[in-house]
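Chemist: Model the structure of this input:
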Amino acid sequence: MKIKLDRIISIATLAASLVAIVLVLKKPAPVAKPQSPASIAANAQSFGQKMEQFDQAVQTGVPASSETYQSSYSQAPPSQTQAVGSSTPSALPSKAEVHLSSDEVSAVLAQAAGAGSGELSPSSNLGGGEPNIKEQNVSFEGDTVHGQFLTEIAGKDVWVTVSGHLSSKDGFATFEPTEFKVGDLEVPVSLVNPALQKKLLEQRDRMKLPGNVGGLKVENGELVLQEK
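Modeler: Residues are numbered from 1 along each chain as shown. Predicted structure coming up:
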């Protein structure tokens, strides 16, 4: 009976290992819809225009008016645009803000990757050394950011998906993961977070916010940057 039991355990272990390998190599469901080259160009341009408006508002020191505040919602859902349009000046933020959609952020990342930029998102700084990111997508849902990255592990192309919360502290961006997947295989966040936070600390210079940005967060499915 012992021999049969050992053999059953061995077969079960082998089967579990094979399933894990398949899940790791399997492409997961995308976190964002792919964008056409024309959409990437348009969204990247929108990103640049919003950042220019934000920088101008910070430099002039003028609190956001209803007009400039609404411009940051140019691509927001109609319900959000109507809510802003009905707001009174007293309800507007006292500091300049810019609201960026996931399509705009993804477009900039796509252009940066095409230009060979070494800039990676906070959630992609994993493992020893710099990973070779071949493709990356970002989406925002509520107050959560989802990042998906195609990288090479042991000579194989593997998708890494990470979700979590972005915030800021002492002039630096912070990231707290809530979900982590390699391929289609879920990995406990408790196993990943210590190594991730250590890597982020090593790459702290990349996490420094621009001089005119005092805070950032994901809110209502958008990335929000606020004046310092």
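
Chemist: Show me the strands in this structure, by range?
Modeler: 97-100, 135-141, 144-153, 156-169, 172-182, 185-186, 213-219, 222-227 (DSSP state E).

Chemist: out of those, deepest packed?
Modeler: strand 97-100 (a mean of 22; mean count of other Cβ atoms under 10 Å). C-beta coordinates here come from the backbone N, C-alpha and C atoms, glycine included.

Chemist: okay, that one in PDB with CA atoms only?
Modeler: The C-alpha trace of strand 97-100 is given here as PDB (Å, rounded to 0.1, in the frame of the first residue of the first chain):
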ATOM      1  CA  GLU A  97      -5.300  68.800 -10.900                       C
ATOM      2  CA  VAL A  98      -5.000  66.700 -14.000                       C
ATOM      3  CA  HIS A  99      -7.000  63.600 -14.700                       C
ATOM      4  CA  LEU A 100      -5.500  61.000 -17.100                       C
END
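
Chemist: Where does pLDDT dip in the chain?
Modeler: 1-14, 16-17, 19-20, 62-93, 114-131 (pLDDT under 70).

Chemist: Could you rerun that using 50?
Modeler: 64-90, 116-129 (pLDDT under 50).

Chemist: can you list the strands of the chain in JSON lines and add distance to Thr60?
Modeler: As requested, the strands of the chain are exported to JSON lines (distance: least, Cβ to Cβ, whole Å):
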{"stretch": "strand 97-100", "distance to Thr60": "14"}
{"stretch": "strand 135-141", "distance to Thr60": "28"}
{"stretch": "strand 144-153", "distance to Thr60": "30"}
{"stretch": "strand 156-169", "distance to Thr60": "23"}
{"stretch": "strand 172-182", "distance to Thr60": "25"}
{"stretch": "strand 185-186", "distance to Thr60": "48"}
{"stretch": "strand 213-219", "distance to Thr60": "16"}
{"stretch": "strand 222-227", "distance to Thr60": "11"}
